[in-house]
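In: from the sequence below, what's the structure:
(one chain, ligands or ions: 2)
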Amino acid sequence: MKGICILGATGSIGVSTLDVVTRHADLYNVVALTANKNIDLLYEQCLQHHPEYVVVVDREKALEFTERLKNSPISDIKVLSEVQSLEYVATLDNVDSVMAAIVGAAGLLPSLAAAKAGKIILLANKEALVMSGDIFMQAVSESGAQLLPIDSEHNAIFQCMPAGYKSGNHAKQARRILLTASGGPFREMPIDQMANVTPEQAVAHPNWDMGRKISVDSATMMNKGLEMIEACILFAMKPDQIQVVIHPQSIIHSMVDYIDGTVLAQMGNPDMRVPIAYSMAWPERFESGVEPLNIFDVRRMDFEQPNLERFPCLRLAYKAIDLGGIMPTVLNAANEIAVEAFLNEQIRFTDIPLIIERCMDKFEIKPASTLEIILDIDKQARVLSEQIINELIH
Ligand code: NAD
Ligand code: MG
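Out: Ligands and ions are numbered 1, 2, ... in the order given. So this is what the prediction gives:
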């Protein structure tokens, strides 16, 4: 039996992970579940999976949760609430695998703690990797942790890599990665109408059912920008070796182009339980609960170049990785603040890239050489982005 800790258990990835765990209860034992605020769902999950620990980051919700556990059949679960508790549960001795599925920069410290502790890290939290690239990969290699990408594209690429491939290495015979993208809900909308889209329209993704932040990122294509940076880090590739390909059907989840002309693609129905089950069973395979792909229903697959005028966020991600150092951290922080402001209806959809670029312009490049620098820059970029938003709306 493997012990698993699920960081972000109440989110879209967390729920899919527990669905896979339920199918393989003979192989996986849930040691810890964490949530920010959603204690109703967490309680249901606890009844079903009976972890040793839960972390509820929101203090008031944690107290309420503790009350709810009293006189329940699961009153022996230990409830923690300090943010540091996330790191504590991610590094427990009886935890073998950590599903890193907290959204945004909040997931950095616990994901990094799991890396330092030599765990098997199932990494969904791409923002953590974008912020801390070199430091994260160094922690993985020093501790001997196994890093398995959950992001469907990176999981696809990992599956198309040579046998025995380990994240962080450069596969010499692979000359290019073709990183697929659905193009999101606004792929064909006239560009001049994009200023008026509402949060509800932006989170309604055509192919994937995901959390609100990543859904907006998919609509701006910042998600693909973050993923391009994620791919450079995970697969030790240069940005010009990564070609973003719009493939609206989301059946191919990415491809690897080899020097002999072979292109390997990984396909399947768009359901995150596929990459989750792959990573949980790795290096074997087991059932994920996903319907077999009916290739006759797919009928056709289309491929297009991304339009950087329509999707300026993708251009900004290329700019951030070209500038290097702290710039991906700035990009990520400014994006998180801008997306939240958009979801709160403070700014327009098309203001998102504007805010990010203005924020990036205010930083001098320096190396992201320590965690302290990264956390400091993250904080500064958030404050600056808030200021830029305030200037914009007043
Ligand atoms: P979500 O919003 O559905 O869930 C986020 C989870 O993080 C929740 O459990 C929430 O309680 C927790 N959380 C939020 N803020 C927190 C904080 N400050 N401290 C601690 N916990 C906090 O998000 P999601 O769609 O499940 O995405 C999770 C991560 O996986 C993101 O990094 C996303 O980019 C990545 N990802 C998601 C998908 C998908 O299909 N949903 C696909 C690929 C990658
Ligand atoms: Mg993805």
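In: what does the stretch 101-250 of the chain put close to ligand 1?
Out: Residues of the stretch 101-250 of the chain that fall close to ligand 1, judged by CB under 6 Å from any ligand atom: 101-103, 106, 124-127, 151, 208, 210-211, 213-214. (Glycine included, C-beta is placed from N, CA and C.)
In: for those, which single residue is the most surrounded?
Out: The most crowded member of these, judged by other CB atoms under 10 Å, is residue 124 (33 neighbours).
In: mind listing what that residue touches?
Out: Residues in contact with residue 124 (CB atoms under 8 Å, 6 or more residues apart in numbering) are 8, 13, 99-101, 150-151.
In: same thing but 6 Å
Out: 13, 101, 150 (CB atoms under 6 Å, 6 or more residues apart in numbering).
In: how about residue 264?
Out: For residue 264, the contacting residues are 160, 256, by CB under 6 Å, 6+ apart.
In: can you say which helix or strand has it in it?
Out: Under the criterion of DSSP states H and E, residue 264 resides in strand 263-267.
In: so which bits of that strand are buried?
Out: Neighbour-count burial for strand 263-267, counted by 16 or more other CB atoms under 10 Å, picks out 264-267.
In: do the same with stretch 236-247
Out: Result for stretch 236-247 [16+ other CB under 10 Å]: buried residues 237, 241-242, 244-247.
In: how long is that stretch from one end to the other?
Out: By CA to CA, to the nearest Å, the extent of stretch 236-247 from end to end equals 24 Å.
In: average pLDDT for it?
Out: Taken as a whole, stretch 236-247 has an average pLDDT of 98.
In: again with stretch 26-40
Out: For stretch 26-40, the per-residue pLDDT averages 98.
In: so what touches it?
Out: Residues outside stretch 26-40 that contact it (CB under 6 Å, 6+ apart): 1-7, 9-10, 21, 42, 45, 49, 51-58, 61, 65, 86, 89, 94-95.
In: output the strand holding residue 264 as CSV - backbone C-alpha positions only.
Out: Extracted in CSV, the C-alpha atoms of strand 263-267 (Å, rounded to 0.1, in the frame of the first residue of the first chain):
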residue,chain,number,x,y,z
VAL,A,263,6.4,12.0,-34.0
LEU,A,264,4.9,10.3,-31.0
ALA,A,265,1.5,11.6,-29.7
GLN,A,266,-0.5,10.6,-26.7
MET,A,267,-4.3,10.5,-27.2
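In: and that strand, anywhere near ligand 2?
Out: No: using CB under 5 Å from the ion, strand 263-267 stays clear of ligand 2, coming no nearer than 12.5 Å.
In: name all residues that make contact with the residue in the chain positioned nearest to ligand 1.
Out: Going by CB to the nearest ligand atom, ligand 1 is nearest to residue 11 of the chain, at 2.0 Å. Applying CB under 6 Å, 6+ apart to residue 11 gives the contacts 101, 211.
In: please report how far it lies from residue 286.
Out: Separation of residue 11 from residue 286 (CB to CB, to the nearest Å) stands at 23 Å.
In: give me phi/psi at the closest residue to ligand 2 within the stretch 251-394 of the chain?
Out: The stretch 251-394 of the chain approaches ligand 2 most closely through residue 253 (8.1 Å), counting by CB to the ion. Main-chain torsions, residue 253, degrees, to the nearest 10: phi -100, psi 0.
In: do I have it right that it meets residue 270?
Out: No: with contacts counted by CB atoms under 6 Å, residue 253 stays clear of residue 270, the gap being 7.8 Å.
In: check contacts around residue 385.
Out: Contacts for residue 385 (CB under 6 Å, 6+ apart) come out as 334, 337, 355, 359.
In: could you redo the last one with a cut-off of 10 Å?
Out: Contact partners of residue 385, counting by CB atoms under 10 Å, 6 or more residues apart in numbering, are 330, 333-338, 340-341, 355-356, 358-359, 362.
In: and residue 366, how many residues sit next to it?
Out: Other residues near residue 366 come to 12 when the count uses other CB under 10 Å.
In: gap between the nearest residue to it once chain neighbours are set aside and residue 374?
Out: In this structure, residue 366 finds its nearest non-sequential neighbour in residue 325, 5.4 Å apart by CB to CB, 6 or more residues apart in numbering. Here residue 325 is placed at a distance of 10 Å from residue 374 (CB to CB).
In: what does residue 386 give?
Out: Look at residue 386 and residue 374: by CB to CB, they are 19 Å apart.
In: between those two, which one's more packed in?
Out: Taking neighbours as other CB under 10 Å, residue 386 and residue 374 compare with residue 374 leading, 24 against 17.
In: what's the most distant pair in the residues of the stretch 101-250 of the chain next to ligand 1?
Out: Between any two of these, the greatest separation by CB to CB is 21.6 Å, found for 106 and 208.
In: can you give me the strands for the stretch 151-300 of the chain?
Out: Assigned strands in the stretch 151-300 of the chain, in chain order: 174-181, 242-246, 252-258, 263-267 (criterion: DSSP state E, counting those that start in this stretch).
In: nearest to residue 143, of those strands?
Out: For these, proximity to residue 143 was assessed by CB to CB; strand 174-181 is nearest, at 25.5 Å.
In: just want the angle from that closest one to strand 242-246.
Out: Here strand 174-181 runs at an angle of 30 degrees relative to strand 242-246 (axes from the mean of the first three to the mean of the last three CA atoms, to 10 degrees).
In: contacting residues for the residue nearest to residue 366?
Out: Neighbouring residues of residue 325 by CB under 10 Å, 6+ apart: 363-369, 373, 377.
In: of those, just the buried ones, PyMOL syntax please.
Out: Buried members of the contacts of residue 325, defined by 16+ other CB under 10 Å, are picked up in PyMOL with:
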select buried, resi 363+368+373+377
